[in-house]
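In: turn this into a model:
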Amino acid sequence: MSGGRLNGTVVFRGINGPAAGVGAQHSQCYASWYASVPGLITLAPYDTEDARGLLKTAIRGDNPVVFLESELMYGREFEVSDEALSKDFTLPIGKAKIMREGDTITFVAFSRMVGICMEAAE
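Out: Residues are numbered from 1 along each chain as shown. Take a look at the predicted model:
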């Protein structure tokens, strides 16, 4: 409607997908629904570095972003590099991260399913 002339700087952050101890109506994944909205950026990080880098990029950007977190991931611990602890650390939106290179099969996933794919690759 604005032809790209207006900025919509806002970041919505919230939980998404299954969670422990809740009913089925509270365990839905809305990532594909949000991602289908033109002009809305949808992010669903897997690990701590992705969450930190992508959230900072989203906050500093000029576009509306939905930042989805898996509630089941809140208790998980991940290694964090010194680079990721820098106040200037950001990650580009729209660039895939290769978790492990191989030559037989390719798994494509987001959020919690990245960890499950990594287990399957072992």
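In: would you mind measuring from the residue most central in space within the chain to Ala51?
Out: Geometric centre of the chain, nearest residue: Ala44, 2.0 Å, by Cα atoms, centre = their mean. Noted for Ala44: a distance of 10 Å to Ala51, by Cβ to Cβ, to the nearest Å. C-beta coordinates here come from the backbone N, C-alpha and C atoms, glycine included.
In: related to what we said a few turns ago, I figured the residue nearest to the centre of the chain was touching Leu68, is that so?
Out: Yes: using Cβ atoms under 8 Å, Ala44 is in contact with Leu68, at 4.3 Å.
In: quick check: which ranges of this protein have low pLDDT?
Out: 1, 4, 24-25 (pLDDT under 70).
In: all strands of it, in order?
Out: Under the criterion DSSP state E, the chain contains strands at 10-15, 41-43, 64-69.
In: make CSV from these and add mean neighbour count and distance to Phe110 to it.
Out: CSV is the format used below for the strands of the chain (neighbours: other Cβ atoms under 10 Å; distance: least, Cβ to Cβ, whole Å):
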stretch, mean neighbour count, distance to Phe110
strand 10-15, 14, 15
strand 41-43, 22, 9
strand 64-69, 20, 9
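In: kindly list the longest helix within the protein.
Out: Ordering each helix of the chain by length in residues (DSSP state H) puts helix 48-60 first.
In: would you mark the buried spots in it?
Out: In terms of neighbour count (16 or more other Cβ atoms under 10 Å), helix 48-60 has its buried residues at 48-55, 57-58.
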